[in-house]
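S.K.: no sequence for this one, just the structure:
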Ligand code: SAH
C-alpha cells in the first residue's frame, strides 16, 4: 500500500467512494458523509471533518488524498470570462474557462492534454496529443472554480459544465463519464443532467457506449453538411461518416427520452461552410434528429488559414435554420482577449512562441482548399 500513490478522492464517483470504505473495512454509509464534506462544505482536509472519528480520518488520509492541480496562471477577460491554466501530470498544462452569462456560470473543462483528432480549424489539435486527464483532474477543475466563486461571494458557484475545453472526451471515456457522474451526483455537485454536456467530434462507438451508462447531455461537432467537406474539417469523419454519426445520435436521443435533445455545433468559417446552400443542406440533414443547433463563428488563432464569416452571412445562416424550425443559438465570442474562446485553448505557458513558429511554418495552408 505504502509505495502506491494515494487515491485522489476527486476521481471517485459514489460507487468508488463506497469501494474505498469497503477496502478500508469501514461502513459504506459513510460515503454520503464524506462526499458532502468535500463537495457541499468544500473541505479538503480530513482533519476538518469533525464528525468522523479521529481513527477514520487517519485511515482515510493514509489511503487517499484530496488533491487539486496547481494553478499556474489565471486570466480575466474584459467581458467577465475567466481562464485558469492548471498543471497536470508530466509537467503538462491544461486550461479551464468560466463563462458567466445571465445567471449561468458555465465552466468549460478540458479532458485531455492536447488532442488526437487534428480538426483543421482548432488550435488544440495543432499541439498533438500529450495524454489523458484522470477523472480526478477533470472533477478538480469544477471543484476549484466552484470553490473560488463561492469564496468570492457568488453563491451559485458553477451551474453548468461543458466538456468543450481541450481534448476529445469520448476518447477518454471512463474518466470523462465518471467525472460527469460526480458532477451530476447529489452527494457532489448535484448539477442537472441537462446542464452537464459532453461534446464530441463524433466517436461513434463511444456515443453508443453512453447508452445505459450515462444520461449526460451530448453535443456533436458537425461543422459540415456533407462528408466531402467534413472529411477535411473533422478528419475522424473518414472513419465515422455523417450518416453513421447521426444514426448513433438518434439512438442516444431515443434513449434519453422525449424531453431531451442533442446539441449540434457548427463552427462557421468564411467561404468554407457558411453559405445559404450549406444551411439548406444542414437543415435537410438534421430533419430526423431531435436537436438544437449552436452556431459558433470561427475564432482565429495564430497561423490559422481560416477566417470568421461576415455578420450578414452568420445572420442568414441562422435565419434559414430558424425558419425551417430549428432552435438555433448563436454563440457569442467570449474571452477572445485572453485566448479563452472555443478552439483557442492550447494550455501552454512556456512554449507558446515555438508553437507560433510551427504555425507559421505551416503557412500558406492548403487545408482550406
Ligand atoms: N473534442 C470535442 C470538444 C472540444 S472542442 C469536440 O470536438 O466537440 C469544443 C468546440 O469548439 C467544438 O465544437 C469545436 O469544433 C469548436 N472549435 C474548435 N476550434 C474552434 C475555433 N477555432 N473557432 C470556433 N470553434 C472552434
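M.R.: Sure thing, it's come through. It should be emphasised that the depicted structure is a prediction, and the values quoted were computed from it without experimental measurement.

S.K.: So which residues on the chain come close to the ligand?
M.R.: Applying C-beta under 6 Å from any ligand atom, we find that the chain lies next to the ligand at 119, 121-122, 164, 168, 199-201, 221, 265, 267, 296, 298-299, 342-343. Where you see a C-beta, it was placed from the backbone N, CA and C, and this is true even at glycine.

S.K.: of all those residues, which comes closest to the ligand?
M.R.: Nearest to the ligand out of these is residue 343 (C-beta to the nearest ligand atom; 2.0 Å).

S.K.: picking up where we left off before, in the residues of the chain next to the ligand, which has the lowest confidence score?
M.R.: Taking the residues of the chain next to the ligand together, the minimum pLDDT is found at residue 343 (63).

S.K.: So residue 329: helix, strand or coil?
M.R.: With DSSP: H, G, I helix; E, B strand; the rest coil as the basis, residue 329 sits in strand.

S.K.: ok, it - contacts?
M.R.: Shown in contact with residue 329 (C-beta atoms under 8 Å, 6 or more residues apart in numbering): 292, 293, 294, 295.

S.K.: 10 Å instead?
M.R.: Counting by C-beta atoms under 10 Å, 6 or more residues apart in numbering, residue 329 touches 263, 292, 293, 294, 295, 296, 318.

S.K.: Mind telling me what element the last one is part of?
M.R.: For residue 318, the host element (DSSP states H and E) is helix 311-323.

S.K.: ditto for the fourth one
M.R.: In this structure, residue 294 sits in strand 291-297 according to DSSP H and E.

S.K.: What residues of that strand count as buried?
M.R.: Within strand 291-297, the residues scored as buried using 16 or more other C-beta atoms under 10 Å are 291, 293, 294, 295, 296, 297.

S.K.: And the helix ranked longest in the chain, what does it pack against?
M.R.: As assigned by DSSP state H, the longest helix anywhere in the chain is helix 135-151. Counting contacts by 3 or more C-beta pairs under 10 Å, 6 or more residues apart in numbering; DSSP states H and E, helix 135-151 is packed against strand 7-8, helix 30-39, strand 70-76, strand 82-87, strand 93-101, strand 104-108, strand 160-163, helix 173-184.

S.K.: Check which residues of that helix are buried.
M.R.: Using 16+ other C-beta under 10 Å as the test for burial, helix 135-151 gives 135-149.

S.K.: Please apply the same query to stretch 97-107.
M.R.: Residues 97, 98, 99, 100, 105, 106, 107 are the ones in stretch 97-107 that count as buried (16+ other C-beta under 10 Å).

S.K.: Test my guess that the fourth one contacts residue 152.
M.R.: No. Here residue 100 lies out of contact with residue 152, judged by C-beta atoms under 10 Å, at a distance of 11.4 Å.

S.K.: Residue 101 and the ligand: what is the separation?
M.R.: 17 Å (C-beta to the nearest ligand atom, to the nearest Å).

S.K.: any idea what sits nearest the spatially most central residue of the chain, other than its immediate chain neighbours?
M.R.: Nearest to the geometric centre of the chain sits residue 163, at 1.1 Å (C-alpha atoms, centre = their mean). Nearest residue to residue 163, sequence neighbours excluded (C-beta to C-beta, 6 or more residues apart in numbering): residue 169, at 4.3 Å.

S.K.: That neighbour against residue 203, yeah?
M.R.: Yes. Under the criterion of C-beta under 10 Å, residue 169 makes contact with residue 203 at 8.9 Å.

S.K.: Looks like residue 298 contacts residue 333 (just checking).
M.R.: Yes. Counting by C-beta under 10 Å, residue 333 is a contact partner of residue 298 at 9.4 Å.

S.K.: Settle it for me: which of these two has more neighbours?
M.R.: The residue with more neighbours, out of residue 298 and residue 333, is residue 298; 23 against 17, by other C-beta atoms under 10 Å.

S.K.: list the contacts for that one?
M.R.: 121, 223, 267-270, 272-274, 304, 306-309, 333, 341-343.

S.K.: got the contact list for the nearest residue to residue 150 once chain neighbours are set aside?
M.R.: Nearest residue to residue 150, sequence neighbours excluded (C-beta to C-beta, 6+ apart): residue 157, at 5.1 Å. Residues near residue 157 by C-beta under 10 Å, 6+ apart: 42, 105, 107, 142-143, 145-151, 189, 191.
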